[in-house]
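**Q** okay, structure incoming, though there's no sequence with it:
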Ligand SMILES: C[S@@+](CC[C@H](N)C(=O)[O-])C[C@H]1O[C@@H](n2cnc3c(N)ncnc32)[C@H](O)[C@@H]1O
C-alpha cells in the first residue's frame, strides 16, 4: 500500500473507478448529496474525488485555499478525510457553513477560515489547530475571467498578469509550508484569451510550482463543455471561431506536484 493513499495494490484490478489517464472526459457533474453546481466558478466534485483517491488516506487533512462553494470539503467529508477551507468572501463562507451544519458528519472534521489565503494570520491559525496538512487542492480564479468580489486581495481583481502571478505565488508560499514533506498538491486552472491571444495561465502557474522546487507529477487535461457564462451562445462562438483564427476552449488543466522539502 502506498503511504499516501488507501489503495490496496493486492486488489489493484478492483479500482476501475480511479483514473490513471492524463485525459479526463467527464460528461456529467456529480450532483449527489449536498453537492450543488450553483456557484459560478465551481469545479465538478469528480476532480477532488479522483485526486483524494490517489493522494490521500482516510483521516488525512486536506486544505483548499480557494474554497468557494465548498466542493472539496463536501467530497472530503464523503470520503472520510478531514478538510480546511479558506475563502475571502464572508457570505460564501456563511453559505457553506450553513450547508455543512445541516448534514450529519460522522468520521471527519472540517474547519473554515474567512480571509486571504496569502495572509500569514490564517496559516498561523491553521498551524495552531492542526499543524500539518497532507494534501492541498488549489482552484484559484482564472485571473479575471470571473470577478468574484471587490476585495483587492481577490486574485480575480489582479491588475495585471504579473500581479495575478505574484498574488498566487504568495498564496502558494504561505499555504505550502503547511504541507507535509513528500506529500502532494494539485492545481486546477484554465487559460484565458485577451487581446486576440491566449494567455496561458495554466503554464505560467505551473512554472511557479516548478520554480519553487516542487516535483512535477502530472499534467491532466480535463474537458469542460458549456460554462455558465457562455450558456446558450454555442453557435455564436462557433461562428466567431470559424470567422477568426482561434479555437474555443474546451479544456482546463489539473497539475499534480510533490513537495520534496
Ligand atoms: C475558482 S473559485 C473556487 C471554486 C471552488 N472550487 C468550488 O467548487 O466552489 C475561486 C474562489 O477563490 C476565492 N478567492 C479569490 N482570492 C482569494 C484569496 N486571496 N484568498 C481566499 N480566497 C480567495 C474567490 O472568492 C472564489 O470563491
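**A** Perfect, I can see it now. Everything numeric here is computed off the predicted structure, so don't read it as measured data. Residues are numbered from 1 along each chain as shown.

**Q** list the contacts for residue 112?
**A** Residue 112 makes contact with 67, 70, 73, 84-87, 93, 96-97, 100, according to Cβ atoms under 8 Å, 6 or more residues apart in numbering. Using the backbone N, CA and C atoms, a C-beta is placed for each residue, glycine as well.

**Q** can you tell me the SS state at it?
**A** For residue 112, the assignment made with DSSP: H, G, I helix; E, B strand; the rest coil gives strand.

**Q** count residues in the vicinity of the nearest residue to it once chain neighbours are set aside, would you?
**A** Among residues not flanking residue 112 along the chain, residue 85 sits closest, at 4.9 Å (Cβ to Cβ, 6 or more residues apart in numbering). A count of nearby residues for residue 85, using other Cβ atoms under 10 Å, gives 28.

**Q** confirm residue 85 sits in a helix?
**A** No: read with three-state DSSP, residue 85 is strand and lies in no helix.

**Q** give me every residue that touches it.
**A** Taking Cβ under 8 Å, 6+ apart as the test, what residue 85 contacts is 64, 67, 70, 72-73, 96, 110-113.

**Q** distance of it from residue 29?
**A** Going from residue 85 to residue 29 by Cβ to Cβ, to the nearest Å gives 20 Å.

**Q** residue 215 now?
**A** Relative to residue 29, and taking Cβ to Cβ, residue 215 is found at 31 Å.

**Q** now do residue 142
**A** 18 Å.

**Q** so which bits of the chain are right by the ligand?
**A** Where the chain comes near the ligand, counting by Cβ under 6 Å from any ligand atom, the residues are 39, 41-43, 66, 68-69, 71, 86-89, 92, 116-118, 139-141, 148-149, 153-155.

**Q** more crowded one of residue 142 and residue 29?
**A** Between residue 142 and residue 29, counting by other Cβ under 10 Å, residue 142 is the more crowded of the two (22 against 15).

**Q** by contact count, what packs against the helix ranked longest in the chain?
**A** Using DSSP state H to define each element, the chain has its longest helix at helix 161-176. Here helix 161-176 touches helix 120-130, strand 133-138, helix 201-211, going by 3 or more Cβ pairs under 8 Å, 6 or more residues apart in numbering; DSSP states H and E.

**Q** count the residues that sit near residue 225.
**A** Residue 225 has 10 nearby residues by other Cβ under 10 Å.

**Q** what sits against it?
**A** Residue 225 is in contact with residue 250, counting by Cβ under 8 Å, 6+ apart.

**Q** quick one: it and the ligand, what's the gap?
**A** 17 Å (Cβ to the nearest ligand atom, to the nearest Å).

**Q** same thing with residue 109?
**A** Taking Cβ to the nearest ligand atom as the measure, residue 109 falls 20 Å from the ligand.

**Q** give the contact list for that residue.
**A** So residue 109 contacts 82-83 (Cβ under 8 Å, 6+ apart).

**Q** for the residue of the chain found nearest the ligand, report the pLDDT, please.
**A** Closest to the ligand within the chain is residue 68: 2.6 Å, counting by Cβ to the nearest ligand atom. pLDDT for residue 68: 98.

**Q** neighbouring strands for the lengthiest strand in the chain, and are they parallel or not?
**A** As assigned by DSSP state E, the longest strand anywhere in the chain is strand 179-189. Strand pairing for strand 179-189, using DSSP bridges, gives strand 133-138 (parallel), strand 251-258 (antiparallel).

**Q** next up, the contacts around the most centrally placed residue in the chain.
**A** Geometric centre of the chain, nearest residue: residue 139, 2.9 Å, by Cα atoms, centre = their mean. By Cβ under 8 Å, 6+ apart, the residues touching residue 139 are 43, 64, 66, 68, 72, 187-189.

**Q** can you pick the most crowded of those residues?
**A** residue 72 (31 neighbours).

**Q** just the element for it, please.
**A** Take DSSP states H and E as the rule and residue 72 turns out to sit in helix 71-78.

**Q** packing partners for that helix?
**A** For helix 71-78, the packing partners by 3+ Cβ pairs under 8 Å, 6+ apart are helix 46-55, strand 61-64, strand 82-87, helix 90-101, strand 110-114.
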